[in-house]
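Participant: fold the following, please.
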Amino acid sequence: MTLPRDTSKAAVMSRDTFAFSSASLRSLRLEQDFQDWEDTRRALARRRALTRTPLPPAPRMQERRRLQPGPPARAPHRCRDPTVHNTFLCGDITRVYVVLQDPAMVNALMETVQEEMVWAPEMGMWTLSSRTKQTSALRLSAGQGHSACVEELLFRGAEVDASPGGNTALHDACVGGHATCVQLLLSHGADPDRLAADGNAPLHLCRLPHTFQCAEALLAGGASVNIRSRDAELTPLHVASRQGLEEHVALLLCHGADVSARNREGETPLNAACAGAERPTEAGRYLRVVQRLLGAGADPRTAGRKRHTPLHNACANCCPRIVQLLLQHGALADAANCAGYTPMDCLLQVVEDYPDQQPEEVARCLLNHGALPASPKDRPKMLKLCCLSPLTLEVLLNSYDVIPPCEGWIDSVPEELLKEHQSFFESVRNMSGQPRTLQHLCRCALRHHLGVLCHSNIAKLDIPSSVREYLLLGPEGELR
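Facilitator: Numbering: from 1, shown residues only. Okay, the predicted model is just below:
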């Protein structure tokens, strides 16, 4: 049985129309956006097929200044939509095409508002304050290494040297070690010597091992190898030396970096390298950096404004091989800084922090290159500082012609260390205040006669190695 067909106007309207939900409307909008993106992509593909030849390099900064000023720039578009920010952070090129349908988005200011606790002195309390941070689509993409997004933005006219928030896209690309983005930005006229708000040039930000190719690209693109940061007056060689980056140091030296350049404190890259060798596991690569700097003509005697030399820093970090290398190149073993501290003083202050890093070898090197033993009034304090390293204590005691009284310092030795090195500490007690043997007095007399030439001259003597070690204060485990 068939029902009669209702052809009334109301029936037709009810059958052909329905109410749209918000989800349905959003789906239709997304579908329309995607269709618009497809049309735009095809049009861009046709245009690029005709004009895919490399773009000529943009004029350098000096040439740009000669250009006549154009009409006043419009206020930049501001965007606080996190979905748009994430589009460039994630490098979603599909969504990038959709976002860039609006030409104002190419150079739009990407703003984020963060709530931070700020101390208010007038109120005497911490208050919650809003802080707006600015960046750009080009900075977001370059900082994450999305070269396709960077290329698209530059093709659409993004300002390559714009620095919303203080940095340019080139700074961000160097921080992340994204060499491809660095090359793209430089080929479109980015200024390789532009200083960021914190005073650093892009080359200063190549401070990690994976940024080596970025440093290469910057130098090939005309970056100044001796450019200085605004406040600290650091050169890129200072930064690379402080971080122990051997390849960076070699690259900078090949491009003419100045090994004698001084920062605001008067310190050279060699001082920076010796100060940076703080971890025992990194001592090897810092040693190679120091070798390269010395090979390039760095002077180990150059001190900063506080008269702190590279040797002071190497001793403060307890680096035996670096100390030996500096002394072999003419460092002064007994130089005092403005506070009156010698390299030996710097060593003794950190002996308890580096008991497993051969502090006795550092002490030997200093004494064999002319460092003077402590004066009688300072000896108890000096010996007390190195109680946790019996070998260092032995080296120092063997530099005296008489063992000083031990009552003022030996009580600082931990009980377990006394048991572990029982024979040594017993010999110290037995010889405290007693004259040393004639053999030891002859050793002291010979060493005093040779002075700063002690190490080099004793090494030339045709004597058994055991005698040579004895003359150079090699530890034996007990006093004789």
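
Participant: surely Leu388 forms part of a helix?
Facilitator: No - counting by DSSP: H, G, I helix; E, B strand; the rest coil, Leu388 falls outside a helix, being coil.

Participant: which residues touch stretch 260-268?
Facilitator: Here stretch 260-268 makes contact (Cβ atoms under 8 Å, 6 or more residues apart in numbering) with 226, 231-235, 237-238, 259, 269, 272, 297-299, 302-306, 308, 310. Bear in mind the C-beta positions are built from the backbone N, C-alpha and C, glycine included.

Participant: now a PyMOL select for only the buried ones of those.
Facilitator: Typed into PyMOL, the line below selects the buried ones among the contacts of stretch 260-268, using 16 or more other Cβ atoms under 10 Å:
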select buried, resi 234+235+237+238+259+269+272+298+299+302+303+304+308+310
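
Participant: tell me where the stretch 1-150 of the chain has helices.
Facilitator: Here the stretch 1-150 of the chain has its helices, by DSSP state H, counting those that start in this stretch, at 9-16, 22-50, 61-66, 82-90, 93-99, 137-144, 147-155.

Participant: off-centre distance for stretch 261-278?
Facilitator: 13 Å (Cα atoms, centre = their mean, to the nearest Å).

Participant: now stretch 123-143
Facilitator: So, by Cα atoms, centre = their mean, the centroid of stretch 123-143 is 24 Å from its chain's centroid.

Participant: pull out the buried positions in it.
Facilitator: Neighbour count says stretch 123-143 has 135-143 buried, by 16+ other Cβ under 10 Å.

Participant: do the same with stretch 200-214
Facilitator: Neighbour-count burial for stretch 200-214 [16+ other Cβ under 10 Å]: 200-207, 211-212, 214.

Participant: farthest-apart pair in those residues, please.
Facilitator: Spanning the widest gap among the buried residues of stretch 200-214 are Asn200 and Phe212, at 17.6 Å by Cβ to Cβ.

Participant: now do Cys206 against Leu219, distance only.
Facilitator: Distance, Cys206 to Leu219, using Cβ to Cβ, to the nearest Å: 10 Å.

Participant: ok, Leu170 touching Ala201?
Facilitator: No - the pair Leu170 and Ala201 fails to qualify as a contact (Cβ atoms under 8 Å) at a distance of 9.4 Å.

Participant: what touches both of these two?
Facilitator: 192, 194.

Participant: how about residues contacting the host helix or strand of Val467?
Facilitator: Element membership of Val467, judged by DSSP states H and E, is helix 465-471. By Cβ under 8 Å, 6+ apart, the residues outside helix 465-471 that reach it are 443, 446-447, 458-459, 461.

Participant: does Asn368 touch Asn457 like I think?
Facilitator: No - look at Asn368 against Asn457 with Cβ under 8 Å: they stay out of range, at 10.3 Å.

Participant: show me which of those two is the more surrounded one.
Facilitator: With neighbours defined as other Cβ atoms under 10 Å, Asn368 and Asn457 compare such that Asn368 has more, 25 against 14.

Participant: quick one, what contacts that one?
Facilitator: Residues near Asn368 by Cβ under 8 Å, 6+ apart: 454-455, 458, 472-473.

Participant: now do it, the pLDDT please.
Facilitator: For Asn368, the model assigns a pLDDT of 95.

Participant: return the distance of it relative to Gln114.
Facilitator: 57 Å.

Participant: strands along the chain, start to end?
Facilitator: According to DSSP state E, the chain carries its strands in the segments 78-79, 109-120, 125-136.

Participant: for the last one, name the packing helices and strands.
Facilitator: Helices and strands touching strand 125-136, as assessed by 3 or more Cβ pairs under 8 Å, 6 or more residues apart in numbering; DSSP states H and E, comprise strand 109-120.

Participant: recalculate using a threshold of 10 Å.
Facilitator: Judged by 3 or more Cβ pairs under 10 Å, 6 or more residues apart in numbering; DSSP states H and E, the packing partners of strand 125-136 are strand 78-79, helix 82-90, strand 109-120, helix 169-176.

Participant: contacts for it, please.
Facilitator: Counting by Cβ atoms under 10 Å, 6 or more residues apart in numbering, strand 125-136 makes contact with 76, 78-80, 85, 88-89, 106-120, 142-143, 153, 158-159, 162-169, 172, all of which sit outside it.

Participant: what is the neighbour count of Thr112?
Facilitator: 13.

Participant: just checking, which helix or strand of the protein averages the lowest pLDDT?
Facilitator: Least confident helix or strand, the chain: helix 9-16 with a mean of 42, by mean pLDDT, DSSP states H and E.

Participant: can you list the weak-confidence ranges in the stretch 1-150 of the chain?
Facilitator: Within the stretch 1-150 of the chain, the segments meeting pLDDT under 70 span 1-75.
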